[in-house]
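[1] 3D model of this:
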Amino acid sequence: MESAEKEEISVEDEAVDKSIFKDCSKIAFYRRQKQLLSKKSTYRALLDSVTTGKDSARFQIINEPAKVPLLAEVCGIEGNIFRLKINEEIPLKPRYEVPDVLTSKLTTVRLTSCPGDTGSLVLASGKGDLKCHITANPFKVDLVSEEEVVMSINSLGQLYFEQLQISPKQRATKKNEEDASIDTTQENQEELGLWEEKFENFVDVKVNGPASIGLDFSLHGFEHLYGIPQHAESHQLKNTSDGDAYRLYNLDVYGYKIHDKMGIYGSVPYLLAHKLGRTLGIFWLNASETLVEIKTEPAVKYTLTQMGPVAAKQKVGSRTDVHWMSESGIIDVFLLTGPTPSDVFKQYSYLTGTQAMPPLFSLGYHQCRWNYEDEQDVKAVDAGFDEHNIPYDVMWLDIEHTEGKRYFTWDKKRFPNPKRMQDLLRNKKRKLVVISDPHIKVDPNYSVYAKAKEQGFFVRNHEGGDFEGVCWPGLSSYLDFTNPKVREWYSSLFAFSVYQGSTDILYIWNDMNEPSVFKGPEQTMQKNAIHHGNWEHRELHNIYGFYQQMATTEGLIQRSKGKERPFVLTRSFFAGSQKYGAVWTGDNTAEWSYLKISIPMLLTLSVTGISFCGADVGGFIGDPEAELLVRWYQAGAYQPFFRGHATMNTKRREPWLFGEEHTRLIREAIRERYTLLPYWYSLFYSAHVASQPVMRPLWVEFPNELETFSVEDEYMLGSALLVHPVTEPKATVVDVFLPGSSEIWYDSKTFAHWKGACTIKIPVTLDAIPVFQRGGSVVPVKTTIGRSTGFMTDSPYGLRVALSTKGSAMGEFYLDDGHSFQYLHQKQFLHRKFSFSSGVLTNSCADERGHYPSKCVVEQILVLGLKKQPSSVTAHSADGSTQPVAFKYHATTSTLNLERLSLNIGADWKVHIQ
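    Purely as a prediction, here's the structure:
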């Protein structure tokens with residue numbers, strides 16, 4: 001290990017051979033479950049043991065060979081959610097239950113016991129339209145909604161629960177051997193990996209022995225499933241074959257392979273199922289390594305069943321079976337019963353929290369690379385944006401800004417005066433983001449290391465000393481963020497008085513927090529490392545990064561005495577990470593296929609609660625050709641987190657380095673982003689308060705249109721804009737699917753319109769990508785662009801009103817100070833509603849609780865789809881005054897342009913078009 005410290009750590013240490021990562025055949029608990037489930041030992045519920053309390057119903061389940069009971073608990077949660085927990089009744093020691101993910105406000109609903117058949121128990125929630133039907137032998141749970149079985153649990157008999165055992169060394173007698181529920185003969189030991197598991201040169205010693213769990217869920221009538229990020233895979237989950245399950249295990253996979261089910265940086269063990277008329281969710285709350293198998297049985301039109309002398313035809317519906325398997329912990333699963341996509345989003349955020357409201361600057365463009373060399377480089381790049389009239393908001397510094405990869409420090413040669421550098425940015429109303437990783441350089445003279453060591457704040461190895469592994473600084477120890485005291489201490493490091501050289505425009509990027517450990521098993525931490533509470537790393541691996549982002553976010557809030565909203569980007573994440581900031585898709589590659597796969601990857605994050613997500617524009621690894629870079633900027637401008645980033649050893653790729661024409665195209669893409677900021681900000685408010693994703697797959701907006709269920713090359717931004725990025729080189733035409741038979745869609749550049757429910761061929765040049773505004777929507781925009789969001793605070797607004805087939809439109813607009821928590825604590829915000837009907841556009845209040853003074857005016861209104869030229873247009877204020885409005889009507893495009901208006905954005909007014 002000492003030699004490792006002297007070695008120069010380089011990008012090659014992260015860019016490892018993909019063979020160092022396991023496939024399913026190398027995962028012992030997967031092999032055990034597949035092998036032992038084939039022997040079909042069934043569980044039965046002892047329903048005479050049922051106790052019904054205020055919050056839940058409990059009963060024992062037992063499987064015949066083991067005769068050791070498990071305890072099942074079913075409870076109803078407000079908002080049509082059921083929770084099923086299965087644990088050992090009397091475990092040898094406590095089993096890990098994931099803390100800190102669920103919001104504290106969960107309200108249980110009393111379940112009432114209804115009469116059922118003999119050998120069954122029926123529990124109904126609230127109004128009684130949702131029921132849990134529990135069958136005793138074999139044990140099975142059916143979720144019934146309005147008399148229809150929508151989901152069955154354990155109908156395939158895949159409930160699996162390895163109970164904790166005394167280790168073979170401690171077993172005193174042969175009798176104990178015979179009692180064990182698993183065959184522990186020597187030759188089987190190795191294959192099943194019960195007490196130790198070998199992979200490459202690593203041996204994982206399991207002091208607690210085998211502890212894996214599994215359960216199957218059958219979704220009746222469902223063929224379309226989504227979720228369980230993060231994988232570089234299609235948005236719709238695919239059927240898995242044997243040995244090819246979706247893996248949820250946070251790993252640092254540099255230049256990950258696409259169309260692959262291997263786990264990458266983050267894990268959200270939550271999936272959604274959708275069919276015509278219903279959406280469901282399954283949230284499997286477990287932070288250990290998890291595998292998910294999916295098998296869809298499509299609908300069979302008719303099957304012949306013998307009924308007496310007559311052969312009758314009976315329709316058989318489709319079904320998808322989902323099999324969850326985790327290495328340890330307990331079964332703790334939430335069934336989200338919808339019935340609509342919007343309901344499922346609300347149910348999930350009720351459990352895990354909504355997307356944090358981002359500061360406005362973070363919705364602008366971010367400029368990053370590994371690394372901007374020094375203060376002079378930062379100054380030159382910053383000036384380059386102004387010189388080329390390209391807006392941007394945030395400059396980023398990677399690991400080289402520190403003194404020898406010691407986080408919370410600055411390289412004195414490269415960045416001798418960080419405050420002066422930040423003042424330069426502040427004067428242009430811009431921000432700085434710097435990196436802070438979880439590994440801490442082993443160096444007794446480095447105060448962060450010395451203090452953490454002294455207080456026992458590092459993860460320990462299984463022998464009890466501090467865990468040490470290699471990462472960017474060389475030999476490093478890893479902060480144990482699962483410990484509340486460590487999080488509290490880490491948060492305090494962001495105080496301005498502690499973090500020398502930091503100012504209030506500095507924000508944070510948490511990287512390498514899977515955690516990444518070079519030369520470790522699968523480039524991560526040994527599973528038998530020890531955390532706070534004596535829990536092994538295996539129990540909580542997937543939640544490690546979640547905790548670092550939580551502590552960082554808290555630190556940024558505390559440094560401003562609770563006044564300012566934080567911005568924290570994390571690479572590793574878990575369910576609930578949306579409460580703490582943004583996520584990106586990690587180390588992608590500068591190839592067209594990675595631009596293409598970024599769309600389904602971001603859609604999957606979006607439907608699993610993480611709205612603030614993006615992919616590195618241009619691709620992190622390699623050198624994009626100019627056409628690919630332009631297309632990536634055009635796509636990224638319409639994705640929630642918008643950052644250009646590149647690894648070291650790549651050619652510089654600031655937007656102005658590819659010739660004048662490409663500079664113009666990139667400028668236009670970025671400026672389009674800034675034009676739409678009022679719409680973006682309003683969408684994030686809706687994600688924050690109403691749980692609706694910002695970037696939406698088509699099926700979410702059009703849940704009753706089968707054709708939308710598999711679309712992943714285009715998407716909706718909110719409910720108003722449809723975006724179809726161009727992801728093929730030299731494209732001259734793209735096929736765009738416009739959903740909705742009763743919809744009308746307007747090309748946002750040409751204003752040409754099409755009826756929905758058809759695929760149209762759109763000619764494209766390198767100038768733009770197809771973006772359509774949906775008829776019936778109003779999109780607020782900025783009419784002038786500043787060099788950053790801070791310069792646009794008081795600039796005027798425009799409204800883009802696209803009329804529906806009925807000649808009406810609606811939209812919302814949200815405004816606050818863009819940076820503080822006053823919208824929350826003092827209700828300092830404006831929430832307005834725009835509606836157009838019978839020739840009248842109305843601005844009215846959408847939320848009376850909010851008040852926020854704004855000088856801003858609407859100076860421009862564009863109405864799309866107005867069939868005839870008006871004779872007059874007048875503006876009517878709340879005080880009764882009326883003014884004529886100058887207008888231009890274009891008959892060829894059916895558009896009406898109203899200009900030189902001065903209507904306050906926060907006041908009530910009407911515009912009459914006659």
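
[2] just the strands from the stretch 551-700 of the chain, written as ranges.
    Using DSSP state E, counting those that start in this stretch, the strands found in the stretch 551-700 of the chain span residues 568-570, 582-584, 613-614, 642-644, 695-696.

[3] could you export those strands as CSV, including mean pLDDT and distance to Glu554?
    Any C-beta I mention is one placed from the backbone N, CA and C, and that applies to glycine too. Output for the strands of the stretch 551-700 of the chain, formatted as CSV (pLDDT from 0 to 100; distance: least, C-beta to C-beta, whole Å):
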stretch, mean pLDDT, distance to Glu554
strand 568-570, 99, 10
strand 582-584, 98, 16
strand 613-614, 99, 21
strand 642-644, 99, 23
strand 695-696, 98, 27
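
[4] wait, which of the ones you listed is closest to Glu373?
    Checking the strands of the stretch 551-700 of the chain against Glu373 by C-beta to C-beta gives strand 642-644 as the closest, at 16.7 Å.

[5] show me how far the closest one is from its chain's centre.
    The chain centre lies 17 Å from the centre of strand 642-644; the measure is C-alpha atoms, centre = their mean, to the nearest Å.

[6] start to end distance for stretch 645-665?
    Taking C-alpha to C-alpha, to the nearest Å, the span from the opening residue of stretch 645-665 to its closing residue is 18 Å.

[7] and stretch 54-74, by the same measure?
    Where stretch 54-74 begins and where it ends lie 12 Å apart, using C-alpha to C-alpha.

[8] show me where the stretch 701-850 of the chain has strands.
    Using DSSP E, counting those that start in this stretch, the strands of the stretch 701-850 of the chain run over 715-717, 721-723, 733-738, 744-747, 753-755, 758-763, 771-774, 777-782, 797-802, 809-815, 830-837, 840-845.

[9] possible to save those strands as TSV with mean neighbour count and distance to Pro515?
    Putting the strands of the stretch 701-850 of the chain into TSV (neighbours: other C-beta atoms under 10 Å; distance: least, C-beta to C-beta, whole Å) gives the following:
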stretch	mean neighbour count	distance to Pro515
strand 715-717	24	32
strand 721-723	23	35
strand 733-738	17	41
strand 744-747	22	46
strand 753-755	17	50
strand 758-763	12	45
strand 771-774	25	39
strand 777-782	23	41
strand 797-802	25	45
strand 809-815	23	37
strand 830-837	20	41
strand 840-845	17	48
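
[10] returning to what we had before: out of the strands of the stretch 551-700 of the chain, which comes closest to Gly659?
    Once those are compared by C-beta to C-beta, strand 642-644 is nearest, at 17.1 Å.

[11] in the closest one, what counts as buried?
    By 16 or more other C-beta atoms under 10 Å, the buried positions in strand 642-644 come out as Phe642, Arg643, Gly644.

[12] ok, now which ones touch the second one?
    Taking C-beta atoms under 8 Å, 6 or more residues apart in numbering as the criterion, Arg643 is in contact with Tyr365, His366, Gln367, Cys368, Val394, Trp396, Trp584, Gly614, Asp616, Val617, Gly636.

[13] also the last one?
    Contacts for Gly644 (C-beta under 8 Å, 6+ apart) come out as Tyr365, His366, Gln367, Cys368, Arg369, Asp616, Val617, Gly618, Tyr633, Gly636, Arg653, Pro655.

[14] Thr663 is in contact with the last one, correct?
    Yes - using C-beta atoms under 8 Å, Pro655 is in contact with Thr663, at 6.1 Å.

[15] the more surrounded of these two?
    The neighbour count for Pro655 versus Thr663, taken as other C-beta atoms under 10 Å, is higher for Pro655 (26 against 19).
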